[in-house]
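Colleague: Structure for the following, please:
(2 chains)
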Amino acid sequence: MKSAVKRVISMIPVLLGVMLLIFIMLRIVPGDPVTVLLGEHYSQETIDRLTAAMKLDRPLLEQFISYVLGVLKGDLGISYVSKRPVTMMILQALPYTVKLALMAAAFAWVIGLFAGIIAAVKENKIPDRIFMAFSLAGVSVPVFMSALLLQYIFAFRLKLFPITSDGSILSMLLPAIALGWNSAGSIARLTRSSLIEVMQADYIDTARAKGLKRRSVIFGHALKNSLLPVITMMAIQLSSMLSGAVITESVFGIPGIGRLATTSISNRDMPLLQGTILFTTVVIILGNLIADLLYSVLDPRIRSQM
Amino acid sequence: MDEKNVLEIRDLHTSFFTEKGVVRAVNGVDLNVPEGKIIGLVGESGCGKSMTARSVMGLVRYPGKVESGSIRLDGKELTGLKDQDLREVCGNDVSMIFQEPMTSLNPVLRVGHQVEESLLVHHKVNSRKEAKQEVIEMFNHVGIPEAEQRYSCYPHELSGGLRQRVMIAMAMICEPRLLIADEPTTALDVTVEAQILRLMKELCEEHGMSVLLITHNLGVVAEICDEVYVMYAGRIVEHASVFSLFDHTSHPYTKGLLSSIPRIGKNPEYLHTIPGIVPNLLHLPEGCPFSTRCDLALERCRKELPELNAVGENHECRCFEAIKEG
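Modeller: You can find the predicted model right below:
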């Protein structure tokens, strides 16, 4: 438990570092936010006034400190384009992304684990070949391709689902499958190889020598060991889905975090871009932290080191 | 020998069907384990001694398989049994201890649970509580201190010696007729080795259990075995009572093994080794498999495989020279 706290505390310097990096990068890229904001007709006076109002004339260090202090208070700044608080915009987009991520993860985990276990048990037999062909497709077909394909077949041709998503469960199904297929493929492949490897271990012989049935050997002895790396992968996948699925959200018109990021880039909306990147970072770091903690819950060898 | 045999192996052939050809790991082994006796099975690495044991337990992995022969446990034929029926025998009437206590226990399950599984799967107890009670008793019995606390330990929290005691507890808990111990002390310290061997001998005497002890250590054999089988390249080359084996060693291979044991004060500069290497099981030499390394090998040895013939009371040997002498 002590080291779990330690892990959480060690996130602080990482976050500060990330904030500094984002801050510097956005000031290196060409293009003055003030001119972007003002459009075509403006006087030098207006520029100066706005620059002062946005505190862009202050020293960089001061700008950074006031940015960090703002973040601590939950203030990510005001979007240049929509003139609304970035925190609000992220909180509004979040439910869509969360819904999409959870559905995609559920799809990926159930299908991926099931396919992986069956494939390992029936190693080199027909079910293995079929599942592995599907997961290879899942891993190698890019998301924009599978998303467009699913959209064309099931929404446009068969009219089973709405083409764009309004946030309802039904309209989220296709995007979730498009996003989850890829993860399902990698989970299935990792589960399969990990389970096959574990089945070679000495303690599997011990379990069989005890007279356990094949099913008990696989589910009681092998699976828990073989899922250790899979769980890590699942947690990391979920956190990357939660931080916004840029392509899937764009194809299906879901107003989530991914969309927020893409629009902020095309609008050169610095506060919004800063906000979404920071949000993504936090989610990914948390995902890794949870993966580590889960690992230690499942593996007693690591638990005792903590 | 008119004692009752717990285990009878007759003409066992276990082979591996690899891409390069058929590897005959066990090539016609006959072996008896009489009731209440400790029988040693000795040989170098790769001579097929572990595979003989694994054949009994149905643990031969793909691409290996028991080709022919008979394995009888208390008269019951085990070869050709359906997997399900064999699993009822394993862990119950016959159980096995493995070489590596470090890797033979499941790292993510509590040791108590791993031991009590045998009880539960063979329906020896009615409840988990009863099972736990029996496990703790067995832990005490095999000399695991603080048995109650150890019950909920994970394998990595125990020393090698303790883990092997857990393995023995696991193997003993259903009171099997036969215990197969595959190099149970090879991975342990010498002092721990002596303790474990003594424990096995005690348990064997107490419960009237038979033991098939697989080892490459002739010192271990001398210490606790009643009879010994010496294996070479998938075949039994010598079989004798322990005294007869050490006093009237007949097979040149066994002689070589015995003189390869370092002895204090006896020409310490020179340690005898058997020249050459174990023949490749894919391309076994014609005739006696040991002929390529044997000082006494004759023309006949390279053409014809000697039978396992009696050379004395309770003593058999697979060698033309030995028969002549005997």
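Colleague: Sticking with residue 195, tell me its helix or strand.
Modeller: Assuming you mean chain A. Element membership for A:Leu195 (DSSP states H and E) is helix A:169-198.
Colleague: sorry, should have said chain B
Modeller: Taking DSSP H and E as the definition, one finds B:Gln195 inside helix B:190-207.
Colleague: List the contacts of that helix.
Modeller: Helix B:190-207 is contacted from outside by B:36, B:38, B:141-143, B:160-161, B:164-165, B:168, B:172, B:175, B:179, B:181, B:184-185, B:188, B:209-211, B:213, B:220, B:223-224, using C-beta atoms under 8 Å, 6 or more residues apart in numbering or on different chains. Every residue, glycine included, has its C-beta placed from N, CA and C.
Colleague: Closest to the mean position in the chain, which residue would that be?
Modeller: No chain in the question, so chain A it is. A:Ser240 (1.2 Å; C-alpha atoms, centre = their mean).
Colleague: Actually, chain B is the one I wanted.
Modeller: Mean-position check on chain B, C-alpha atoms, centre = their mean. Result B:Ile214 at 2.6 Å.
Colleague: got the contact list for that one?
Modeller: B:Gly40, B:Leu41, B:Lys49, B:Ser50, B:Thr52, B:Ala53, B:Ile180, B:Ala181, B:Asp182, B:Glu183.
Colleague: Closest one to B:Ala147 out of those, please.
Modeller: B:Ala181 (21.8 Å; C-beta to C-beta).
Colleague: Inside strands: which ones of the contacts of helix B:190-207?
Modeller: B:Ile38, B:Leu179, B:Ala181, B:Ser210, B:Val211, B:Leu213 (DSSP state E).
Colleague: Need the max-distance pair from the residues you listed.
Modeller: Longest span within these, C-beta to C-beta: B:Ala181 and B:Ser210, 11.1 Å.
Colleague: Stretch B:110-122 near chain A anywhere?
Modeller: Yes. Shown here: stretch B:110-122 in contact with chain A (C-beta under 8 Å from any C-beta of the partner chain) through B:Gln114, B:Glu117, B:Ser118, B:Val121, B:His122.
Colleague: Which of those are buried, as a PyMOL select command?
Modeller: The buried residues among the residues of stretch B:110-122 next to chain A can be selected in PyMOL (16 or more other C-beta atoms under 10 Å in any protein chain shown) with this line:
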select buried, chain B and resi 114+117+118+121+122
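Colleague: Same list, the residues of stretch B:110-122 next to chain A, but as JSON lines with secondary structure and pLDDT please.
Modeller: What follows is the residues of stretch B:110-122 next to chain A, written out as JSON lines (DSSP: H, G, I helix; E, B strand; the rest coil; pLDDT from 0 to 100):
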{"residue": "B:Gln114", "secondary structure": "helix", "pLDDT": "94"}
{"residue": "B:Glu117", "secondary structure": "helix", "pLDDT": "92"}
{"residue": "B:Ser118", "secondary structure": "helix", "pLDDT": "90"}
{"residue": "B:Val121", "secondary structure": "helix", "pLDDT": "90"}
{"residue": "B:His122", "secondary structure": "coil", "pLDDT": "90"}
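Colleague: now the residue of chain A found nearest chain B: how far from B:Ile323?
Modeller: With C-beta to the nearest C-beta as the measure, A:Gly211 is the residue of chain A nearest to chain B, at 3.4 Å. Relative to B:Ile323, A:Gly211 is positioned 43 Å away (C-beta to C-beta, to the nearest Å).
Colleague: picking that back up, in ChimeraX, select just the buried ones from the contacts of helix B:190-207.
Modeller: The buried residues among the contacts of helix B:190-207 can be selected in ChimeraX (16+ other C-beta under 10 Å) with this line:
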select /B:36,38,141,142,143,160,161,164,165,168,172,179,181,184,185,188,209,210,211,213,220,223,224
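Colleague: which of the contacts of helix B:190-207 are close to chain A?
Modeller: Applying C-beta under 8 Å from any C-beta to these, none is adjacent to chain A.
Colleague: out of the contacts of helix B:190-207, which are inside helices?
Modeller: B:His141, B:Gly160, B:Gly161, B:Gln164, B:Arg165, B:Ile168, B:Met172, B:Val220, B:Glu223, B:Ile224 (DSSP state H).
Colleague: can you put those residues in CSV and add pLDDT?
Modeller: CSV is the format used below for the ones in helices among the contacts of helix B:190-207 (pLDDT from 0 to 100):
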residue, pLDDT
B:His141, 86
B:Gly160, 88
B:Gly161, 88
B:Gln164, 90
B:Arg165, 90
B:Ile168, 90
B:Met172, 87
B:Val220, 89
B:Glu223, 88
B:Ile224, 91
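Colleague: What is the least confident helix or strand in the chain?
Modeller: Since you didn't name a chain, this refers to chain A. helix A:33-38 (a mean of 72; mean pLDDT, DSSP states H and E).
Colleague: You answered for a different chain; I wanted chain B.
Modeller: helix B:320-325 (a mean of 74).
Colleague: which other helices and strands contact that one?
Modeller: With contacts taken as 3 or more C-beta pairs under 8 Å, 6 or more residues apart in numbering or on different chains; DSSP states H and E, helix B:320-325 sits against strand B:309-312.
Colleague: What mean pLDDT does the strand it packs on get?
Modeller: For strand B:309-312, mean pLDDT is 88.
Colleague: Residues in contact with it: which ones?
Modeller: With C-beta under 8 Å, 6+ apart, strand B:309-312 has contacts from B:Ala240, B:Ser244, B:His248, B:Ser250, B:Glu316, B:Cys317, B:Arg318, B:Ala322, B:Ile323, B:Glu325, B:Gly326.
Colleague: And what about the second one, helix, strand or coil?
Modeller: So that's B:Ser244. helix (DSSP: H, G, I helix; E, B strand; the rest coil).
Colleague: try the fifth one
Modeller: Here B:Glu316 is strand, with the state taken from three-state DSSP.
Colleague: what about the closest residue to chain A within chain B, neighbour count?
Modeller: Going by C-beta to the nearest C-beta, chain A is nearest to B:Gly91 of chain B, at 3.4 Å. Neighbour count of B:Gly91, defined by other C-beta atoms under 10 Å in any protein chain shown: 27.
Colleague: For the stretch 1-150 of chain B, which segments count as strands?
Modeller: Applying DSSP state E, counting those that start in this stretch to the stretch 1-150 of chain B gives strands spanning B:5-18, B:21-34, B:38-42, B:64-73, B:76-77, B:94-97.
Colleague: Tell me who's in contact with the nearest residue to B:Arg302 once chain neighbours are set aside.
Modeller: Among residues not flanking B:Arg302 along the chain, B:Gly287 sits closest, at 4.6 Å (C-beta to C-beta, 6 or more residues apart in numbering or on different chains). With contact set as C-beta under 8 Å, 6+ apart, B:Gly287 has these partners: B:Arg300, B:Cys301, B:Arg302, B:Lys303, B:Glu304, B:Leu305.
Colleague: What distance do you get for A:Thr262 to A:Val282?
Modeller: 19 Å.
Colleague: where does the stretch 51-200 of chain B come near chain A, residue by residue?
Modeller: Residues of the stretch 51-200 of chain B lying near chain A (C-beta under 8 Å from any C-beta): B:57-59, B:83-84, B:87-92, B:95-96, B:98, B:100, B:103-109, B:114, B:117-118, B:121-122, B:154, B:156-157, B:167, B:170.
Colleague: and with 6 Å instead?
Modeller: B:57, B:59, B:87, B:90-92, B:96, B:100, B:103-108, B:117-118, B:121, B:154, B:156 (C-beta under 6 Å from any C-beta of the partner chain).
Colleague: quick revisit: filter the contacts of strand B:309-312 to the buried ones?
Modeller: B:Ala240, B:Ser244, B:His248, B:Ser250, B:Glu316, B:Cys317, B:Arg318, B:Ala322.
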